[in-house]
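Asks: task: produce atomic coordinates for the following.
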Amino acid sequence: MQAILNGDSTLVIAMIVAYIAFTSWLTFKLRSRTSDQFMTASRAMPAVVVGVLMMSEFVGAKSTVGTAQEAFQSGMAAGWAVLGASIGFLLFGLLMVRKLYNSGEYTISAAIAQKYGKSTMLTVSVIMIYALLLVNVGNYVSGAAAIATALHVSLPVAMCIIAVVSTFYYVFGGLKGVAWVTILHSAFKVVGVIIIFAVAMSLTGGIAPMQAKLPAYYFSWDGKIGFATIFAWTFGTVGAIFSTQFIVQAISSTPSANEARKATYYAAAFCLPLGFLLALIGVAAKYLYPDMNSLYALPVFLEKMPPLASAFVTTSLVASIFVSVCTVALAIASLVVRDFYVPYWKPTPERELKMTRVFSIVIAIVPLVFVFFIPEILKLSFFTRALRLSITMVAMLGFYLPLFASNRGATAGLIGAAVSTTVWYLLGNPFGVDNMYIAAVTPLVVMAIERLVMGAAPQPAQSNAFVERTST
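Replies: Numbering: from 1, shown residues only. Here you go, the predicted structure:
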């Protein structure tokens, strides 16, 4: 594909650099000064800010570019990739948010430990770190497509830009700084998507010409994707929301359980319209540029905009990339510190904050090793959600069916789910069975067998601290 934004790259670069400079200054100004601020923003975040944070976690660079890419190939049904998040946040608010908030923990693994035990906690933490590292691999790939297109740089260089800038944001900002800067990032992102949609509809002449030319499945509810995959996507997204580390961390930053629940409803409302807009953008790209590489289904419209609008939209894509990488990396750092570093090294609060920032730098580098092995962004996205779904299944059993709250069975079920889901994904979902179903069923089967064969395991005593809490 030929480079986009020919002749206007100076304006684009200037706006992006100015935006990065301003948001970097703002992040430093709002930086976290204590471990409490870094991890939970001192539990003082307004519900609407947390709602934006959670929306950005599930409708980030990967889902923005990936949904348009999938719509280019499979039709409007790709919008379920985002609509599922709206359903998920609504259910999360109704069923789980109070239980997690009242646990007093800010990591999903530590909350689950209260129902199972230490080995389950560590297993959950490792699986979540594995899944979130892959999430950021997808974020780097999808983000690099937009940055490379706009700035005329190679994909590896674009990925390095993402790593450096986003690392600065969350290493200094922590949850407190990232939360407030994310409001600006998200505003840019939403306005940018609206501008792209408007340009796409202008070029196509509306929806009717696309319906006349494209195959009928492009405008059906299940497209070329099919019910089984759509259900798996929605099921997996709901499950991932229930257990994703950053979601748990975000709700723990609110002042009360009621505010946490309110934040999930805000997130559901914010996600709803974006699914339709992104899907229509991808379908419009197919109508206009049928032989194009599908990865460019969204950024291709930059070349048809006036220079100033193009620069703004490119900046909005960059903002989406940074917020996605920041929130995921911050969640990984929290798991590493809360579940591994603090219990074994027992640092002072000052030392904990310092080492958190060191770990954060390493976490930013690791995804760069794997970015060249990911061909399809959206499939990777739902594989990572499948891994997190297995954690949700175990958590729901612990909270609602204490009969199954066996440390031994939960640990075995989680390990079995992680291995089987990964193998199933690498084999390309044999027999047409999505890896999402493997992730959901495996822990249930393993835990049921363990319960029947081994009998009830002793419950973890709440008085024993499996892992000492941090200062937060």
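
Asks: in the helix or strand containing residue 263, what counts as buried?
Replies: Per DSSP states H and E, residue 263 falls inside helix 257-288. Buried residues in helix 257-288, counted by 16 or more other CB atoms under 10 Å: 259-268, 270-272, 274-275, 277-288. All C-beta atoms are positioned from the backbone trio N, CA, C, and that covers glycine.

Asks: which SSE is immediately downstream of it?
Replies: Following helix 257-288 in sequence, per DSSP H and E, is helix 307-336.

Asks: SS state for residue 115?
Replies: coil (DSSP: H, G, I helix; E, B strand; the rest coil).

Asks: so what secondary structure elements neighbour the helix holding residue 263?
Replies: helix 47-58, helix 61-74, helix 80-95, helix 97-102, helix 155-204, helix 207-213, helix 245-251 (3 or more CB pairs under 8 Å, 6 or more residues apart in numbering; DSSP states H and E).

Asks: just for the stretch 251-400 of the chain, where's the confidence low?
Replies: 372-379 (pLDDT under 70).

Asks: and if we set it to 50?
Replies: Nowhere does the stretch 251-400 of the chain drop to pLDDT under 50.

Asks: please report phi then psi for residue 152.
Replies: Main-chain torsions, residue 152, degrees, to the nearest 10: phi 60, psi 50.

Asks: make that residue 292, sorry
Replies: Main-chain torsions, residue 292, degrees, to the nearest 10: phi -80, psi 160.

Asks: coming back round to it: what distance separates the helix holding residue 263 from the centre of its chain?
Replies: On the basis of CA atoms, centre = their mean, to the nearest Å, helix 257-288 sits 13 Å off its chain's mean C-alpha point.

Asks: next, the angle helix 61-74 makes with that helix.
Replies: Calculated by axes from the mean of the first three to the mean of the last three CA atoms, to 10 degrees, helix 257-288 forms an angle of 40 degrees with helix 61-74.

Asks: tilt between helix 257-288 and helix 80-95?
Replies: Inter-element angle recorded for helix 257-288 and helix 80-95: 170 degrees (by the same axes, to 10 degrees).

Asks: neighbours of the nearest residue to residue 324 once chain neighbours are set aside, how many?
Replies: Among residues not flanking residue 324 along the chain, residue 60 sits closest, at 2.9 Å (CB to CB, 6 or more residues apart in numbering). If you count neighbours by other CB atoms under 10 Å, residue 60 ends up with 29.

Asks: OK, contacts around residue 60?
Replies: By CB atoms under 8 Å, 6 or more residues apart in numbering, the contact list for residue 60 reads 139, 320, 321, 323, 324, 327.

Asks: would you mind measuring from the second one to residue 67?
Replies: In this case it means residue 320. Residue 320 sits at a distance of 12 Å from residue 67 (criterion: CB to CB, to the nearest Å).

Asks: again with the fourth one
Replies: Applying CB to CB, the value for residue 323 to residue 67 is 16 Å.

Asks: one more: the third one?
Replies: As defined by CB to CB, residue 321 lies at a distance of 15 Å from residue 67.

Asks: do the last one as well
Replies: When distances are taken as CB to CB, residue 327 and residue 67 turn out to be 18 Å apart.

Asks: neighbour count: these two, which is higher?
Replies: Taking neighbours as other CB under 10 Å, residue 327 and residue 67 compare with residue 327 leading, 32 against 29.

Asks: can I assume that one is in contact with residue 182?
Replies: Yes - judged on CB atoms under 8 Å, residue 327 makes contact with residue 182 at a distance of 7.4 Å.

Asks: got any residues that touch both of the two?
Replies: Contact criterion CB under 8 Å, 6+ apart; residues shared by residue 327 and residue 182: 53, 56.

Asks: what is the neighbour count of residue 449?
Replies: 13.

Asks: could I get the buried residue list for the helix or strand harbouring it?
Replies: Assigned by DSSP H and E, residue 449 falls within helix 435-454. For helix 435-454, a neighbour-count test (16+ other CB under 10 Å) marks 435-440, 442-444, 446-447, 450-451 as buried.

Asks: stretch 359-366 too?
Replies: For stretch 359-366, by 16+ other CB under 10 Å, it's 359, 360, 363, 364.

Asks: wait, the last one sits on residue 165?
Replies: No - because the distance of 9.9 Å does not satisfy CB under 8 Å, residue 364 is recorded as not touching residue 165.

Asks: elements contacting the helix holding residue 449?
Replies: If you count contacts as 3+ CB pairs under 8 Å, 6+ apart, helix 435-454 packs onto helix 227-243, helix 377-400, helix 407-426.

Asks: can you give the distance of it from its chain's centre?
Replies: Centre-to-centre, helix 435-454 and its host chain are 26 Å apart (CA atoms, centre = their mean).
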